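> Would you be able to build a 3D model of this:
(chains A and B)
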Amino acid sequence: MLDFLLSALTPFNVSLALLGVAAGTIIGSIPGLTATMAVAVLVPITFAMPPDSALILLGAIYTGAIYGGAYAAILLNTPGTPSAIATTFDGFPMAKRGDGDLAVSVACLASVVGGLVGALALLLLSPPLANAALAFGPVEYFWLAIFGLSLIAALSTGDFLKGLIGAAFGLLISTIGISETSAEVRFTFGSQTLLGGVEIVSALIGLYCIPVLIDLVATPARHLEPAEQTRGFRLPEAFGALLRNKFNVIRSSVIGTLVGALPGAGGSIAGLVAYSEARRSNKTSEPYGKGNPGGIIATESANNATVGGGFIPTLVLGIPGTPPDAVILGALLVQGVRTGPALFADGSGVVYTFIFGLFLATVLMLPVGLLIGRFAYRAIVQAPKTALVPVVAFMTVIGAFAIRNNLSDVVLMIGLGVIGWIAGRRGFSVSPIVLGLILGRIAEQGFVQSWTIGDAIGDLWGQFFGRPLSMGIIALTVLSFLYPFWPQIRRLFDRRSRDARQPGLPSAPVGAIAKDLIAFLAFGGVALIVVVQSAGLNPEAAVFPRTVAIGMLVLVVLAVVLMLVQRKASKRGPQGSAVRRSLVPIAMLGGAALIPILGFALAGIAMALVLVFAAQHERSSGKAWTGLILGVGLTIVLFTFGFRYLLDVPLPMGLFS
Amino acid sequence: MLKKLCAAAVISAVGLAAGPAVAEDFPAGAVDYIIPFGPGGESDVTARFQQPFFKSLFGEDMVVSYKPGGGGAVGWSQLNTMSGDGSVIMGTNLPHIIVKPNQGDVGFKTEDIVNVYFFHYTPDAVVVKADSPYQTLDDLIADAKANPRQLTMSGSGKGTANHLAQVRFDELAGTTTTYVSFKGTGASTTAMLGGQVKAQWGYTTVGAAQGDAVRMLAVAMEERHPAFPDVPTFRELGYDIVSGAYRGVAVPQSASEELRQKVSDAIAAINADPDFQKQMLESGFALANVAYGAEMDAFMAEKSEGYLAAARSVGLID
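Here you go, the predicted structure:
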């Protein structure tokens, strides 16, 4: 064992791990650049290396990228990678109130702990955990997805019905395109782009980031509260938060390891499940979703634990645990390393050197992550709004493009962003929509597969409800759904408090009710379209979307009736200038339209000029303007070059190629 | 074979000497190799296998990138808008490009894709867990006959090669088995290993990756796979099934006849390399050598007929 440790610690391997973690962290922090992509880009470089070094580099990049996703989640409310979705829930509120630096440090510590737990499991428990993961069948994946959906109850702040409707909407979006289980084309309305479905990462960027940008330009208020004085890394505070959450961090790391070991689940689900559990068992007075560091700790420790966890089926079974593992598995094949049952049995040196390399990379993430995190925090907090808005907007455009090298994804991203903003105004928060979008495919596949198997063996009931593992997950789901309503449920059974009913809230103005009504009708319309179109599909392709759409219709009717009876409506009125707000999507769409003609850099600069103007609230001198424009332009050109030459993204060159 | 080797030698010599100046040369610089799927699948892995050999034979980089979506449809529907000067090639797959366009409008027609070379295929295979009661294909057939529909088999998706093989097998063996569609070979293998289904319609690559954990009952090849000399072919057992997922390289329609031939020759040269062959076979792939021209036309005609018949009989297409 010591030999392997020593061979992992050669100067070459240590510098590779350092390089990998740093590169991964930076790539992961850019919305649109996922861990999968970071790893895929680096694969050709590893061909020239010995297998163990290649693996260490790829593992380090993967680890770094999963952590890097936290920066954008905390500082911009946009998960840099899908694994960091739940990091936004508490991270962004923390950053808003001026604790962004603390949040980044907490995320780093939690990531390191999670990464170490995952690596430890990989070292010690690989074969048994891999076999345990095999017990997870289609039904269990279905119920796991439903369990993930139970977070809606917690996330739809204030209005559960609206949350459910949003989640149903997300589920329906996830069914667009060629169906995975029946190969049938669904809900594409003749569009070639939609054939491949709505790409999740670009949808995430749109739904989370565009509303932030739109609200950012509308008022002169700062993006984040600046710190009164330089406070360093705030490490003691971060350690304190970690210690207060010691059970949380261990539980979340274990959840992350286990979910990571399930092929087909991945970091986003691990983060959501861990968050949900942390929220449910929260004993402190500080609520989740409003800036409790516990939320970041849960998500970040869980998603970094999936790195080690995901390698378990990858190395033991030769089946990738997470999408980046699929790439690494391919790289291993090319290297001539046979993964699969024999790899561990042989006591093959490559595996153990790699595992120690993973430990090394995780430990190195502490200094590297804190330093880069500090830089990212400073950059976002200190940047004037006039620079932040155009640069972030450009990042979302180029990031959404790079995922599938497809310009239509950019348009889709912007469109979903506008939908997300409007929905948010009417009290439909985007998180339930995202939850539906992420979990929809897993839920549908699991459902259709279970149905097929249950129908074949003539025991549908037993297939869905009779398996012990399923029953466990179902119980947890029910608990998780009901928990947020516990106070109301208790009131229902408690006679004394039933008498002391809350005085009725004043009824909402007619205008707000009318606007909410329009929103409900729009969602109802979507559901109706799905029901009508499902009629022309084969039963396997139709069953899931039709069931969801019918449920959604029922919810919409219920919500409308309740609203008209209680006269309660969303009260959030927009603040600031509507012209400035609408400039954001218009400039971005305009930029996207110009890309095929002008290329990315020039179109990006044109878009940025409009956005600088939209975000400018105070008058400033000509000199400051020139500096600002030059800085933004230079950043955009640098990004374009980085994407084209470092990441090999085939960007359209435009006329000036 | 000798002819191909000579051709390879000539091409590589020309490629090294002439450099990028000559028009219609291939490769005249770095080549973008677009995989219309995500990273990590068989298309990606075999492209990665080719990558270093391309570099050493022709001295130019082959840059692999991905354009996933719609089971390849997103990439293929854009292929003909790309540059036909030899700077772009794209992965092409059977039966995908034959079955998909017949299922509805997916943005391309089978004829739109200019296939220049099919370099390998993953032969269909029936795979069971090592501790499965099925020792032979006959055991499996006997169980399927005794319990119609109850024998569940996982596969990598409706309309894929292994689904069409299952359809043909049911016809030939007179059985009714249940095909459970998973997302890709990895997920379908997981379900088989976990005992969620009784057997898997997989590929020889599954046998290579899983080793002793699984048993292959039959492979859909003309002759036994060199890496699995003990596994019979379907033909030996009396079922005429030779099929699998074929993978190759396509170019945009605007590419000249000369260039198409050159790309075909280049892929052939990689296929002729013994080290490349060894790597492919050990991973469970089977080599194919279908070159551009009359050979390709005949191959596509024959495969189209077979795949479409199977897809039609199961109601995938009208």
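> can we go C-alpha only for contacts and neighbour counts from here?
Will do.
> Which strand in chain B has the most residues?
Ranked by residue count and defined by DSSP state E, the top strand of chain B is strand B:114-129.
> Now that one - C-alpha only, PDB.
What follows is strand B:114-129, C-alpha atoms only, in PDB (Å, rounded to 0.1, in the frame of the first residue of the first chain):
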ATOM      1  CA  VAL B 114     -22.400  10.700 -47.100                       C
ATOM      2  CA  ASN B 115     -20.900   7.700 -45.400                       C
ATOM      3  CA  VAL B 116     -17.300   7.200 -46.500                       C
ATOM      4  CA  TYR B 117     -16.200   4.300 -44.300                       C
ATOM      5  CA  PHE B 118     -17.600   1.900 -41.700                       C
ATOM      6  CA  PHE B 119     -14.600   0.800 -39.600                       C
ATOM      7  CA  HIS B 120     -16.100  -1.400 -36.900                       C
ATOM      8  CA  TYR B 121     -19.200  -2.800 -35.400                       C
ATOM      9  CA  THR B 122     -20.200  -4.000 -32.000                       C
ATOM     10  CA  PRO B 123     -21.900  -7.400 -32.600                       C
ATOM     11  CA  ASP B 124     -25.100  -8.000 -30.800                       C
ATOM     12  CA  ALA B 125     -24.900 -10.600 -28.100                       C
ATOM     13  CA  VAL B 126     -27.100 -12.200 -25.500                       C
ATOM     14  CA  VAL B 127     -25.500 -11.700 -22.100                       C
ATOM     15  CA  VAL B 128     -26.500 -13.100 -18.700                       C
ATOM     16  CA  LYS B 129     -25.000 -12.900 -15.200                       C
END
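> Past it, which element shows up next along the chain?
Sequence order places helix B:137-146 as the next helix or strand after strand B:114-129, per DSSP states H and E.
> Can you pull out the residues in contact with that following helix?
Under the contact criterion Cα atoms under 8 Å, 6 or more residues apart in numbering or on different chains, helix B:137-146 has outside partners B:Pro133, B:Tyr134, B:Gln150, B:Leu151, B:Ala173, B:Gly174, B:Thr175, B:Thr176, B:Thr177, B:Leu217, B:Ala218.
> mind checking how far the closest residue to the first one other than its chain neighbours is from B:Ala199?
With sequence-adjacent residues excluded and distances taken as Cα to Cα, 6 or more residues apart in numbering or on different chains, B:Pro133 is closest to B:Asp139, at 7.9 Å. Distance of B:Asp139 to B:Ala199, given as Cα to Cα, to the nearest Å: 12 Å.
> Of those two, which one has the most company?
Legend: neighbour count by other Cα atoms under 10 Å in any protein chain shown for B:Asp139 and B:Ala199, higher for B:Ala199 (28 against 12).
> so how far is B:Gly59 from the more buried one?
According to Cα to Cα, B:Ala199 and B:Gly59 sit 45 Å apart.
> next structured bit after the host helix or strand of B:Arg215?
Following DSSP H and E, one finds B:Arg215 within strand B:214-219. Using DSSP H and E, the helix or strand that follows strand B:214-219 in sequence is strand B:244-251.
> Show me what that following strand packs onto, helices and strands only.
strand B:88-94, strand B:114-129, helix B:161-173 (3 or more Cα pairs under 8 Å, 6 or more residues apart in numbering or on different chains; DSSP states H and E).
> for the most centrally placed residue in chain B, what are its contacts?
What sits nearest the mean C-alpha location of chain B, by Cα atoms, centre = their mean, is B:Tyr246, with 2.6 Å. Going by Cα under 8 Å, 6+ apart, B:Tyr246 touches B:Asn93, B:Leu94, B:Pro95, B:Phe118, B:Phe119, B:His120, B:Tyr121, B:Thr122.
> try it again with 6 Å
B:Tyr246 is in contact with B:Asn93, B:Leu94, B:His120, B:Tyr121, counting by Cα atoms under 6 Å, 6 or more residues apart in numbering or on different chains.
> thinking again about what came up before, and the strand holding B:Arg215 with helix B:137-146, angle?
If you take axes from the mean of the first three to the mean of the last three Cα atoms, to 10 degrees, strand B:214-219 sits at 80 degrees to helix B:137-146.
> hmm, who's touching strand B:214-219?
B:124-130, B:136-137, B:231-234.
> Quick check: ChimeraX command selecting the buried ones in those.
If you want just the buried ones from the contacts of strand B:214-219 in ChimeraX, going by 16 or more other Cα atoms under 10 Å in any protein chain shown, the selection is:
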select /B:124,125,126,127,128,129,130,137,231,232,233,234
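> Return the two entries of the contacts of strand B:214-219 that lie farthest from one another.
Greatest spacing in the contacts of strand B:214-219, by Cα to Cα: B:Ala130 and B:Phe234 (19.8 Å).
> With adjacent residues omitted, what lies nearest to the residue nearest to the centre of chain B?
B:Tyr246's closest residue in space is B:Tyr121 (Cα to Cα, 6+ apart), at 4.2 Å.
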